[in-house]
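In: have a look; sequence and predicted model below, questions after that.
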Amino acid sequence: MNFTYSALPMRVVFGAGSLDSLPGEISFLKLEKVLVLCGPRQEAVGVAVAEALGDRCAGLLPEATMHVPAEVAAKARRVAAELGADGCVAVGGGSAIGLGKAVALEHGLPVVAVPTTYAGSEMTPVWGLTENGVKRTGRDPKVLPVSVVYDPALTLTMPVSLAVTSGINAIAHAAEGLYAPDASPIVSLMARDGVRALITALPAIVEHPDDLDARAEALYGAWLCGAVLGATTMGLHHKLCHALGGTLNLPHSSTHTVVLPHVLAYNRVTEIAPVELWELEGRLGAPRSLRELGMAADDIDRIAGQVASATFPNPRPVTVPGVRDLLRAAWAGTPPAV
Ligand code: NAD
């Protein structure tokens, strides 16, 4: 057994009602004037957070948008500077947390994340910015949130369809972390328990969307899977989803959901059985074809060429015909070819 493990600093407050501890968390971090960031659809949560922070809140910017457009990042950076903010509290999914990271990247302000989906961005030092339709990403330790408050109660409003696709998005991090070149025993433990938690919780959420215990189990799984994403280098699955999202603007978590069983089959993964995952997705009512997400069949060759010419680690060599066949099955919604 040979490995290198570099632990990321991780401060996590977890539990139903833990949003109440956010003001205490802000003072623990010695922050005095934070800018609260959220998306327009989650403004009510942003307002509640801002009110709970009282004097320690410098302002609220409810403008987070998918893939962090450069102009939104520029506005958030300007507002943070004008208000003299000494940190940001990002409340929401990957889009809101991504906006906090964009401010941190430029001004070095610490980010406190309050995740409301299972995307996992709060556990990674990876930032993304989109300009003229091109998304750039990079790693910088200063964008890693200094503290993460996971409150499952905030995820109760997440529509079941998003909970399912976001949960499978999280499973994808764990799946690729297990075969990553920089995998290590502790990260693999997190990956396995993250997958277990999500596979247990998602059917329970579909059956009883108000089941707070199931929502907590899923969020716990998402934390672990996000930590795996932050600790390892992703392979074909993430590269393919990045290309599909960035080039064709397909929705993030749904794209991950459709593609994952096919990549697992391509990579001959047995730890998470591809066909069983695909069947589970069917039972959970998740999308299973790229066609239903709006992809045109004509785009298959373009994406296959783009992905096969990129450099990234993967357990099996990535070829144009291989990716093309994988995408054809994912596009049509047929079972993964094992
Ligand atoms: P998102 O943040 O765009 O949220 C999707 C929608 O759901 C939004 O309209 C949001 O307002 C709404 N929503 C979120 N939580 C809700 C809740 N609890 N109740 C009701 N509505 C809710 O989507 P996402 O899937 O969380 O994140 C995707 C983005 O994050 C992508 O841009 C992706 O590239 C990025 N991401 C980055 C990293 C990283 O490490 N940098 C990791 C994962 C994802």
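Out: Here it is on my side, so go on.
In: any idea which helix or strand in the chain has the lowest mean pLDDT?
Out: One helix or strand of the chain scores below all others by mean pLDDT, DSSP states H and E: strand 134-139, with a mean of 89.
In: and the helix or strand following that one, is it in reach of the ligand?
Out: Next along the chain after strand 134-139, taking DSSP states H and E as the criterion, comes strand 147-150. No - Strand 147-150 lies out of reach of the ligand by C-beta under 6 Å from any ligand atom, never closer than 11.7 Å. C-betas here are computed from N, CA, C, even on glycine.
In: all helices for the stretch 1-150 of the chain, in order.
Out: Listed in chain order, the helices of the stretch 1-150 of the chain (DSSP state H, counting those that start in this stretch) span 22-28, 43-53, 70-83, 94-107.
In: nearest to L37, out of those?
Out: Each of the helices of the stretch 1-150 of the chain was scored for nearness to L37 using C-beta to C-beta, and the closest is helix 94-107 (5.0 Å).
In: remind me what that closest one packs against, helices and strands.
Out: strand 34-37, helix 70-83, strand 87-92, strand 111-115, strand 126-131 (3 or more C-beta pairs under 8 Å, 6 or more residues apart in numbering; DSSP states H and E).
In: mean pLDDT, distance to A7 and mean neighbour count for these - can I get that in TSV?
Out: Formatted as TSV, the helices and strands packed on helix 94-107 follow (pLDDT from 0 to 100; distance: least, C-beta to C-beta, whole Å; neighbours: other C-beta atoms under 10 Å):
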stretch	mean pLDDT	distance to A7	mean neighbour count
strand 34-37	98	26	29
helix 70-83	98	29	17
strand 87-92	98	23	30
strand 111-115	98	18	27
strand 126-131	94	17	19
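In: for K142, give me its contacts.
Out: Applying C-beta atoms under 8 Å, 6 or more residues apart in numbering to K142 gives the contacts 104-105, 108, 125.
In: tell me the bridge partners for the closest residue in space to A70 that isn't next to it in sequence.
Out: Spatially, and ignoring its direct neighbours in sequence, A70 is nearest to E131 (4.1 Å; C-beta to C-beta, 6 or more residues apart in numbering). Beta-bridge pairing of E131 under DSSP bridges involves V134.
In: can we start the residue count at 613 from this point?
Out: With the count now opening at 613, the last piece we talked about shows up as E743.
In: do you know how far the closest residue to the ligand within the stretch 613-762 of the chain is from A731?
Out: For the stretch 613-762 of the chain, the residue closest to the ligand is G706, as judged by C-beta to the nearest ligand atom, at 1.9 Å. Distance, G706 to A731, by C-beta to C-beta, to the nearest Å: 4 Å.
In: between the two, what contacts are shared?
Out: Residues within reach of G706 and of A731 at once, by C-beta under 8 Å, 6+ apart, are H864.
In: mind listing what's buried along whichever strand or helix holds V799?
Out: V799 is part of helix 797-819 when elements are defined by DSSP H and E. Neighbour counts over helix 797-819 (16 or more other C-beta atoms under 10 Å) mark 799-800, 802-804, 806-807, 809-811, 813-814, 817-818 as buried.
In: mind giving me the packing neighbours of the helix or strand just after that helix?
Out: Per DSSP H and E, the first helix or strand lying C-terminal to helix 797-819 is helix 824-843. The helices and strands touching helix 824-843, judged by 3+ C-beta pairs under 8 Å, 6+ apart, are strand 624-626, strand 759-762, helix 772-790, helix 797-819.
In: and if we set it to 6 Å?
Out: Other elements packing on helix 824-843 under the criterion 3 or more C-beta pairs under 6 Å, 6 or more residues apart in numbering; DSSP states H and E are helix 772-790, helix 797-819.
In: what's the angle from that helix to helix 772-790?
Out: Inter-element angle recorded for helix 824-843 and helix 772-790: 40 degrees (by axes from the mean of the first three to the mean of the last three C-alpha atoms, to 10 degrees).
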